[in-house]
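Peer 1: Quick one, what's the 3D model for this:
(one chain, ligands or ions: 1)
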Amino acid sequence: MIYILDTADIEEIRYCNEFYPVSGVTTNPTIISREHEDFWKIVKEIRDIIGPDKMFHVQTTQKKAEDIVEEAKLLKERIGGEFYVKIPICEEGLKATMMLKNWGIGVTMTAIFTPAQALIAAKAGASFVAPYVNRLDNIIADGCEVVAEITKQLNLYNLDCRVLAASFKTAEQVHKCASAGCHSVTVTSGILKSLISNPMTDVAVATFEKDWETVYGDKTILEF
Ligand code: E4P
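Peer 2: Just a heads-up that it's a prediction; the model follows:
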């Protein structure tokens with residue numbers, strides 16, 4: 001399982017990059033626009049924090065295939081490192097995905113809502129497909145089930161494309177996708193925190209501390 005951060009908030013990225021085993025960052029125009037900052041400043045800061053080896057998925061703002069390719073080339077050149085251009089699924093996007101193979105630029109096909117969309121995106125050469133779990137749940141379409149089916153089909157046809165499940169609002173959604181064998185998820189710091197939090201863990205740790213202190217006081221192992 002690959003965990004990626006779904007935010008452009010610099011402090012959130014800095015924090016999660018330090019404390020969690022994250023493999024990169026995903027953004028989209030909505031996520032970027034929340035920062036009210038210069039686009040290049042934001043993406044440069046993110047790249048500086050995560051370094052060149054972690055994945056950075058940045059979405060195109062273009063609509064025509066040729067323009068998407070030009071923008072992807074510019075993004076790759078200026079952002080550098082392990083870069084993927086996010087392209088919403090549509091005919092022009094599929095054409096751009098096939099063209100980008102010649103430029104060695106990885107594509108994350110985004111705004112995926114059905115297994116059929118994901119399969120065609122994978123056939124076009126997308127490295128990742130990003131189904132929107134919570135937005136599917138909101139229309140009572142079972143996002144985790146859609147992720148499970150996409151995962152099954154990509155594996156069944158042995159396609160060189162991974163599921164990057166997105167749009168999470170609960171830890172349970174992430175857990176269900178992980179159980180379905182989904183390859184990767186993109187989540188916020190809030191979801192990451194929920195994934196490791198458990199009141200039973202808190203009780204266990206409090207007991208360890210109390211029992212130790214009863215016998216050894218505030219002495220640590222380093223002080224023996
Ligand atoms: C992923 O990169 C998606 O763009 C993102 O997870 C969508 O999330 P939302 O449904 O919370 O906007």
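Peer 1: Can you give the distance from the biggest helix by length in the chain to the centre of its chain?
Peer 2: The single longest helix within the chain, with elements called by DSSP state H, is helix 199-216. Computed by CA atoms, centre = their mean, to the nearest Å, the chain-centroid distance of helix 199-216 equals 35 Å.
Peer 1: swap in stretch 107-117?
Peer 2: Taking mean C-alpha positions (CA atoms, centre = their mean), stretch 107-117 and its chain are 14 Å apart.
Peer 1: can I have the longest helix of the chain written out in PDB, keeping just the CAs?
Peer 2: C-alpha atoms of helix 199-216 as PDB (Å, rounded to 0.1, in the frame of the first residue of the first chain):
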ATOM      1  CA  PRO A 199      -8.300   4.400  22.500                       C
ATOM      2  CA  MET A 200      -7.100   0.800  23.400                       C
ATOM      3  CA  THR A 201      -3.600   1.900  22.300                       C
ATOM      4  CA  ASP A 202      -3.800   4.900  24.600                       C
ATOM      5  CA  VAL A 203      -4.900   2.700  27.500                       C
ATOM      6  CA  ALA A 204      -2.000   0.200  26.800                       C
ATOM      7  CA  VAL A 205       0.600   3.000  26.700                       C
ATOM      8  CA  ALA A 206      -0.700   4.600  29.900                       C
ATOM      9  CA  THR A 207      -0.500   1.200  31.700                       C
ATOM     10  CA  PHE A 208       3.100   0.700  30.400                       C
ATOM     11  CA  GLU A 209       4.100   4.200  31.800                       C
ATOM     12  CA  LYS A 210       2.300   3.700  35.100                       C
ATOM     13  CA  ASP A 211       3.900   0.300  35.800                       C
ATOM     14  CA  TRP A 212       7.400   1.500  34.900                       C
ATOM     15  CA  GLU A 213       7.100   4.600  37.100                       C
ATOM     16  CA  THR A 214       5.800   2.500  40.000                       C
ATOM     17  CA  VAL A 215       9.200   0.600  40.100                       C
ATOM     18  CA  TYR A 216      11.700   2.900  38.400                       C
END
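Peer 1: OK, contacts around Tyr15?
Peer 2: Counting by CB atoms under 8 Å, 6 or more residues apart in numbering, Tyr15 makes contact with Ser189. The way it works is simple: take the backbone N, C-alpha and C, and place the C-beta from them, glycine included.
Peer 1: Let me see the confidence value for it.
Peer 2: pLDDT recorded at Tyr15 is 98.
Peer 1: Within the helices and strands, which one has it?
Peer 2: Assigned by DSSP states H and E, Tyr15 falls within helix 10-19.
Peer 1: Assign a three-state SS to the residue nearest the centre of the chain, would you?
Peer 2: What sits nearest the mean C-alpha location of the chain, by CA atoms, centre = their mean, is Thr186, with 2.5 Å. The three-state label given to Thr186 by DSSP: H, G, I helix; E, B strand; the rest coil is strand.
Peer 1: what's the longest helix of the chain packed up against?
Peer 2: Counting contacts by 3 or more CB pairs under 8 Å, 6 or more residues apart in numbering; DSSP states H and E, helix 199-216 packs against no other helix or strand.
Peer 1: Tell me the buried residues in it?
Peer 2: Neighbour-count burial for helix 199-216, counted by 16 or more other CB atoms under 10 Å, picks out no residue.
Peer 1: for the ligand, what are the nearby residues on this protein?
Peer 2: Residues of the chain lying near the ligand by CB under 6 Å from any ligand atom: 6, 26, 28, 30, 110, 130, 132, 134-135, 166-167, 186.
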